[in-house]
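>>> can you look at this prediction? I've put the sequence above it.
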2 protein chains.
Amino acid sequence: MAMALSRPRLVSLAAGFTDNESLPVQDARELLEGLLSSRDAGPAALQYGTTAGDPTLRQLTALRVRSLDAPTRSSEAYSPERMLITNGSQQMLYMLTEGLCDPGDLVLVEDPTYFVYLGILQSHGVRAKGIRLEQDGLDVGHLEQVLSELKQGGELPRLKLLYLVSYYQNPTSATTRFQKKAKALELLAKYERAAGHPLYLLEDTAYRELRFSGEAVPSALTVKGHAERVIYAGTYSKPFATGVRVGFGLLPEPIFTAAMRIKGNHDFGSSNLLAQLLSRALSSGRYQKHLAQLQQRYAQKAEVMRQGLEEYFPAEAQRWQPQGGLYFWVRLPDDVATGAKSKVFRNALANDVVYVPGELCYADDPARPKPNHEMRLSFGAASEENIRVGIQRLGRVLQQLMKG
Amino acid sequence: MAMALSRPRLVSLAAGFTDNESLPVQDARELLEGLLSSRDAGPAALQYGTTAGDPTLRQLTALRVRSLDAPTRSSEAYSPERMLITNGSQQMLYMLTEGLCDPGDLVLVEDPTYFVYLGILQSHGVRAKGIRLEQDGLDVGHLEQVLSELKQGGELPRLKLLYLVSYYQNPTSATTRFQKKAKALELLAKYERAAGHPLYLLEDTAYRELRFSGEAVPSALTVKGHAERVIYAGTYSKPFATGVRVGFGLLPEPIFTAAMRIKGNHDFGSSNLLAQLLSRALSSGRYQKHLAQLQQRYAQKAEVMRQGLEEYFPAEAQRWQPQGGLYFWVRLPDDVATGAKSKVFRNALANDVVYVPGELCYADDPARPKPNHEMRLSFGAASEENIRVGIQRLGRVLQQLMKG
């Protein structure tokens, strides 16, 4: 950020947020005016709420998740009683890790995964172990192999959960197929006995609503017979506005109670004003309308980046085509390092373009060096023009280095 | 809360928040309209910010704390670079405890103290030890005695900080005199060598701005030569609006860096929208105007409660006269128990009035049973009418039980 501000020519393809132009300023303005001019709702929005969050938002959010999964489905898993509102989904990830894990414990993650979550695990002294990721999501064969190895090594009692960014994953944009989620839950259940405690699937759906092509995939909550082992974490940051910082989760017991206790200690509840802004966005239909525009916008920006990659990147650069979210994941030949100390990164910076080096997104693993030949390219924050310019600059850097 | 909603006749003298009528709804409405109709500020308010918080709010808040202490003072201690914005001051207390303390460590607190902080300590496995509290604040003689005992017992290396709610304390409304803060800092410095690490004073100023009589007391930041050991925690919840949940702190190094790292893991920054609402409240002068009204309002409500206590409470009930904040602390004869299982509490509830039992506000101490004959009575949330009614009901309960 500091760098971006001080170098006006710099194009950031690293920033993982939506662009300023797409923010619902007019919606927020009118919704807040309606809220604060209401005799009842106005004061309530400025008063303390409850630890679990604004009841209306809990209800509307539970309904919304249910409607994304299956509009007619009625299941305990979508009960507003299980809904907890947080400061962005990050607070949810943090609290769950704090509540479920002790230092030295183990969490399975995708390989690669959301790097901020790796930092959260590290801050709690929790080890992360990567499970291979394929274009259609988690490699469940590898998951089974790792579980079996953990069992044999007597490590299973330290395992607490599998963390899965299941939709348009950060950093790869891969979406895990429904059947793979079902299989993963089945495997976790199978190994619970040897673990001696429940093994949870923490499904982080941060990008779920930013879908612009492909089929909608139901969440793991819909896998029959396993809902009590699914923790569903979501957010309104990406689909509505990053600055409002409202996240949420549907949590089975005893996770809900544990998270409530932690939330009580953290801050005893998120801002009512923000919660009620979101409630009104949802109930007025403005949220849905805004989201439809966002999806179109990001489809278009993804297309601009795809064209740039096609035109300017070396033929050896491989990529997966995103069907939603904010990222392209580009894989270069093994010998083309992309890390923060690499020539590619330094030359890119010298040419005023930055990306997220792929190596940041991998958990430590004594069995292999971290892959160091990939990059996460975001079409979220940059303008279409800057996406073009940034990809062109980066392509030129790669062409030069890979020729030489 | 749940109880209060289900029993409309119930008067809560327990709730520690400001009343709905005092909330700055019209101010917030106009400020947000101004903010979101601005071409530059509007989108920025809905976008991600930085982990430390909105730069304008950091600057204005640092200035404000300085102006409360000494308008002309220029000191590193008030640098905006040291300012961190949080989700209410509770998040600050939580993060500082997380950053400074390991399980088994020790924190000194006032006896009695803010009970939520006792919960935060407990959640981190940190022990609390109470230092006697007098009407003019911390008993520094007792502090010295405890420090000396800890040193003799080899426990000093486990001590990390002294937590002081220095203004109109929750629960007693006692304010610690400036000379006592200076003495406390001197004592902490004296024992640092034996501790083997810095001993910090965490000054929680949550109620500082709710002053309605008595003299203004400078913060511990102004104690000469000790500013690097003072952590100043404040909030806009009480003086502006509880629902916005914006707290802050001025932190010396290395505490600032440690807290930034934790904040990065917690939620990588608080809501920009709320921060900019506060910035505009401060820079427009609306904050200051609203605060002046609040001070008058709570002076009036405190007077209503004082009259009620005078008229309806048994003569044996002792109290300290608050000069700010939201509470009366009432001390009954030793044999009149007030705890959650006591006759007083149960009869009060049966007569539709609740208070916070004093025993909740004491740290465990093997050297003494927890005092169980006090109550915290809040004039914050209840209306004047309800304050009168509640005190009358409670007085009747006490008169009956103490006669019998």
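On my side now, so go ahead.
>>> which bits of the stretch 251-400 of chain A sit near chain B?
Residues of the stretch 251-400 of chain A lying near chain B by Cβ under 8 Å from any Cβ of the partner chain: A:261-262, A:264-274. C-beta here means a position set from N, CA and C on the backbone, and glycine is covered the same way.
>>> report the two of these separated the most.
A:261 and A:273 (24.5 Å; Cβ to Cβ).
>>> narrow the residues of the stretch 251-400 of chain A next to chain B to those in helices?
Under the assignment DSSP state H, these contribute A:261, A:262, A:264, A:265, A:266, A:272, A:273, A:274 to helices.
>>> so the second one touches residue A:93, yeah?
No. Here residue A:262 lies out of contact with residue A:93, judged by Cβ atoms under 8 Å, at a distance of 12.0 Å.
>>> so between these two, which is more surrounded?
residue A:93 (27 against 19; other Cβ atoms under 10 Å in any protein chain shown).
>>> against residue A:26, how distant is the more buried one?
Distance of residue A:93 to residue A:26, computed by Cβ to Cβ, to the nearest Å: 31 Å.
>>> can you check residue A:160 too?
Taken as Cβ to Cβ, the span from residue A:160 to residue A:26 is 44 Å.
>>> out of the two, which sits in the busier spot?
residue A:160 (23 against 13).
>>> for that one, helix, strand, or coil?
strand (DSSP: H, G, I helix; E, B strand; the rest coil).
>>> and it, what is it in contact with?
A:100, A:101, A:105, A:106, A:107, A:126, A:197, A:199, A:200 (Cβ atoms under 8 Å, 6 or more residues apart in numbering or on different chains).
>>> include distance to residue B:33 when you put those residues into JSON lines, please.
Shown next, in JSON lines, are those (distance: Cβ to Cβ, whole Å):
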{"residue": "A:100", "distance to residue B:33": "43"}
{"residue": "A:101", "distance to residue B:33": "45"}
{"residue": "A:105", "distance to residue B:33": "49"}
{"residue": "A:106", "distance to residue B:33": "51"}
{"residue": "A:107", "distance to residue B:33": "45"}
{"residue": "A:126", "distance to residue B:33": "45"}
{"residue": "A:197", "distance to residue B:33": "52"}
{"residue": "A:199", "distance to residue B:33": "50"}
{"residue": "A:200", "distance to residue B:33": "44"}
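>>> any idea which of the residues you listed is closest to chain B?
residue A:126 (11.9 Å; Cβ to the nearest Cβ).
>>> contacts only, for the closest one.
A:97, A:101, A:102, A:103, A:104, A:105, A:106, A:107, A:160.
>>> these: which two are farthest apart?
A:97 and A:104 (13.2 Å).
>>> ok, back up a step: output the contacts of residue A:160 as CSV; include the columns secondary structure and pLDDT.
Putting these into CSV (DSSP: H, G, I helix; E, B strand; the rest coil; pLDDT from 0 to 100) gives the following:
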residue, secondary structure, pLDDT
A:100, helix, 96
A:101, coil, 97
A:105, coil, 98
A:106, strand, 98
A:107, strand, 98
A:126, coil, 97
A:197, coil, 97
A:199, coil, 98
A:200, strand, 98
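>>> could you flag which of these are buried?
Among the contacts of residue A:160, those that count as buried by neighbour count (16 or more other Cβ atoms under 10 Å in any protein chain shown) are A:100, A:101, A:105, A:106, A:107, A:126, A:199, A:200.
>>> and the residues you listed, which two are furthest apart?
For the buried ones among the contacts of residue A:160, with distances taken as Cβ to Cβ, the pair at the greatest spread is A:126 and A:199 (14.6 Å).
>>> shaky segments in the stretch 1-150 of chain A?
A:1-6, A:73 (pLDDT under 70).
>>> which residues of it lie near chain B?
Residues of the stretch 1-150 of chain A lying near chain B (Cβ under 8 Å from any Cβ): A:1, A:17, A:20-21, A:23-26, A:28-29, A:32-33, A:36-37, A:42-50, A:87-88, A:90-91, A:94, A:116, A:119-120, A:123.
>>> ok, now with 6 Å
A:17, A:20, A:23, A:25, A:28-29, A:32, A:36, A:42-43, A:45-48, A:87-88, A:90-91, A:94, A:120, A:123 (Cβ under 6 Å from any Cβ of the partner chain).
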